[in-house]
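> For reference, the sequence and a predicted model appear below.
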Protein chains: 2
Amino acid sequence: MRNVAIIGIGIIKFGELWEKSLRDIAVEAALNCLEDAGTDRVDSVTIGCMSSGLFNGQEHLASLIPDYLGKNNIPATRVESACASGALAVRTAFLEVASGISDYSLAIGVEKMTDVSTGMATYALASASDQDYEAFHGITFPGLYAMMAKAHMERYGTTREQLAEVAVKNHQNGALNPFAQYPFTVSRETVLNSTKIADPLRLLDCSPITDGAAAVLLTTVEEAKKYKNFPMVIIRGIGSATDTLSLNQRKDILEMVAVKKAVQNAFKMAGKTIQEIDFAEVHDCFTIAEILVMEAMGVVEPGNAGPATLDGLTALDGKFPINPSGGLKSKGHPVGATGVAQIFEAVSQLRGESGKRQINNPKVALTQNMGGSGGSCVCHVLEVK
Amino acid sequence: MRNVAIIGIGIIKFGELWEKSLRDIAVEAALNCLEDAGTDRVDSVTIGCMSSGLFNGQEHLASLIPDYLGKNNIPATRVESACASGALAVRTAFLEVASGISDYSLAIGVEKMTDVSTGMATYALASASDQDYEAFHGITFPGLYAMMAKAHMERYGTTREQLAEVAVKNHQNGALNPFAQYPFTVSRETVLNSTKIADPLRLLDCSPITDGAAAVLLTTVEEAKKYKNFPMVIIRGIGSATDTLSLNQRKDILEMVAVKKAVQNAFKMAGKTIQEIDFAEVHDCFTIAEILVMEAMGVVEPGNAGPATLDGLTALDGKFPINPSGGLKSKGHPVGATGVAQIFEAVSQLRGESGKRQINNPKVALTQNMGGSGGSCVCHVLEVK
């Protein structure tokens, strides 16, 4: 298997981008990435997108996006694993390069979510849960994560203040990120008193509906040596895993098995442990998600993520910073783009390019992107040379 | 890059399967495949499906299908490239094994199309065309292919009788295929007099709406030597290419550039030429599609596919049999399953297991699966050892 490096990263400012189309934002992020890389060589493209069919009446992005990128005729693939589609696109681009089929492979994550009604957006997002056994009966994602939050509070004594601190911390980081949809701070009181969505989760416990795109360019480590503008960032490990789609089929709804296995697999491939990770970008679609993911990744023991967050462990200047980008909460969550945007942030931090939100001299990063209520998860371990 | 073989194939009878769900048919095909292989070892799964979001309100098949297959926790990916999603799933599974990430990788193609109204099915299929510049303005796929047919008739003198012969020939083959949705013969007169859909295409020039699934199990050639029940079928070449999504953006609507490039790439990788191919399974979504594809693949010179079909070149006992399975026309076209079903047929023929539709001792097969009006194409060259 060939070793793979990331030589280009691109993103656009997330938001409600009503003046731009799905193809516009995907191409804009891709062009930013190629400009960053300093090459326009692309042998293959992988697009991560959750549901352009339901959001935009547009499938077949594997034809559309290379076409409008001016890369007509090259091999292209669209991958989907709900909100983990972005990281899955990077993994697929990794396989293109690692196998030797492509030398330069571009991964683009994109979702254009705000061109439909809220009802339609909710229906589209609910298609990441089990249509027959969950969505059809009326439960949506805030409800599923609310049940996990309730169970966590009951078993471990996690408090609403601890959950709220995830949002407070991520908005503090996001306020320093020029690409964030909501680049402002929020107080704990504002989170605690925001509109109730699904008890105990309130509006500011939830990530928003977002239009956005991000892209990364991969090549072999050997080839990457030609690009000297930046320190080289290498993909050391990739882990992908799945779990039951329905929450009701799990032995324990507080154990995110797909996250645990994906992280373990990525660490095994990278030859790293959680102790060697300098920071992580994780999937905080709801505040409780970041708590559960911290525990599944082994950052803390089960039950300790709430107190640890309140103690500042995961703050930008903490011992284990999580979501320096602002996370899905503040940066926004264009579902298919999120996993690629996490890798954008990881590479940006590892290169030391993150401006006001820069972590002090990080060497190894972990990204964790998941689908639905944890039915799928894709993790990457990145290291700067 | 590791060499890859196909050690298991599975399919279900195509049709209007109202008593079965999306997950049921995907799992049924996968279990048939594992039974055929004589192993249930699966390290990763790739699902090819075009639009389960629009057809079934269900994305996140990468979690759903392994879950219901009893392969919870393994890495899984869903890929989409409109009607080429199936072959793209096999290509992705190939990358899993070729790269060394997986030793045993399962590709499943599936589409459940008959649970929605005809209007919704038409909308879902039209999402494979350009929503902004084609679908939104009312054109659907019969209309797009009808324009190609009209142009072919005008430029080359292709006749309606020649087009109809594609349907006649494919139904002759499909009548011998126990998995076909419409396993009966049709006369040329029946095709010529069937309901007009989009002039010059009539009902029997069009492939049907179908529920179906198929699966193939891939491993390394080294590992495949353990399985001695069948002759070994090796994936010698893979080619994937794209073209403009809109027909109106092409220099020549009769030149299928993605098909041409995908076939050339597959031949290059395999070290083969069209002269060394014993038969092909191709994407006859409309009769004119088979004509255009024959010319793009180099089976005949442009303009000669119509007369050659009428002369019997591509019949089961012809010099270059095309679609021994009955093709999309007679076997049915569950869009995401089609590319995998083509490979099922190719392997079945290469093993000599195709019963009444068996071609005499074939050694090398070509499969060609495309999306939309040819915006994407994925080809495979298979050889029996």
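Noted; the coordinates are in hand.

> contacts, neighbours, all on C-alpha from now
Fine.

> Find the helix or strand that A:Gly10 is a member of.
strand A:4-11 (DSSP states H and E).

> what's that strand packed up against?
helix A:22-37, helix A:85-99, strand A:211-220, helix A:221-224, strand A:233-242, helix A:335-351 (3 or more C-alpha pairs under 8 Å, 6 or more residues apart in numbering or on different chains; DSSP states H and E).

> Looking at these, which is nearest to B:Asn72?
Evaluated over the helices and strands packed on strand A:4-11, closeness to B:Asn72 peaks at strand A:233-242, with 6.2 Å, by C-alpha to C-alpha.

> about what we covered before: now the helices and strands packed on strand A:4-11 as CSV including mean neighbour count and mean pLDDT?
Formatted as CSV, those follow (neighbours: other C-alpha atoms under 10 Å in any protein chain shown; pLDDT from 0 to 100):
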stretch, mean neighbour count, mean pLDDT
helix A:22-37, 22, 98
helix A:85-99, 30, 98
strand A:211-220, 31, 98
helix A:221-224, 16, 98
strand A:233-242, 26, 98
helix A:335-351, 29, 98
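
> average pLDDT across the strand holding A:Gly10?
Averaged across strand A:4-11, the pLDDT comes to 98.

> And stretch A:113-123, by the same measure?
95.

> Using CSV, list the CA coordinates for the strand holding A:Gly10.
Written as CSV, here are the backbone C-alpha positions of strand A:4-11 (Å, rounded to 0.1, in the frame of the first residue of the first chain):
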residue,chain,number,x,y,z
VAL,A,4,-0.5,9.1,1.1
ALA,A,5,-0.1,12.8,1.9
ILE,A,6,-2.5,15.8,1.8
ILE,A,7,-1.0,18.5,-0.4
GLY,A,8,-4.0,20.8,-0.8
ILE,A,9,-7.0,22.0,1.3
GLY,A,10,-9.9,24.2,0.4
ILE,A,11,-13.1,25.4,2.0
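
> which neighbours does that strand have in its sheet, and in what orientation?
strand A:211-220 (antiparallel), strand A:233-242 (antiparallel) (DSSP bridges).

> what would those strands look like in JSON lines with distance to A:Arg188?
Shown next, in JSON lines, are the strands paired with strand A:4-11 (distance: least, C-alpha to C-alpha, whole Å):
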{"stretch": "strand A:211-220", "distance to A:Arg188": "27"}
{"stretch": "strand A:233-242", "distance to A:Arg188": "34"}
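
> so where do the strands sit in the stretch 251-385 of chain A?
A:279-281, A:364-371, A:376-384 (DSSP state E, counting those that start in this stretch).

> By mean pLDDT, point me to the weakest helix or strand of chain A.
Here the helix or strand of chain A ranked lowest by mean pLDDT, DSSP states H and E is helix A:118-126, holding a mean of 95.

> circling back: for the helices and strands packed on strand A:4-11, which one sits closest to B:Ile238?
The nearest among these, by C-alpha to C-alpha, is helix A:85-99 at 12.5 Å.

> Would you pull up how far the next helix or strand along the chain from the closest one lies from the middle of the chain?
Per DSSP H and E, the first helix or strand lying C-terminal to helix A:85-99 is strand A:104-112. Its chain's average C-alpha position is 13 Å from that of strand A:104-112, according to C-alpha atoms, centre = their mean, to the nearest Å.

> what angle sits between strand A:104-112 and helix A:85-99?
Per axes from the mean of the first three to the mean of the last three C-alpha atoms, to 10 degrees, the angle that strand A:104-112 makes with helix A:85-99 is 170 degrees.

> Okay, the residue nearest to A:Pro334 when sequence neighbours are not counted and B:Ile235: tell me how far apart.
Distances taken as C-alpha to C-alpha, 6 or more residues apart in numbering or on different chains put A:Thr210 closest to A:Pro334, at 4.6 Å, once the chain neighbours are dropped. Taking C-alpha to C-alpha, to the nearest Å as the measure, A:Thr210 falls 42 Å from B:Ile235.
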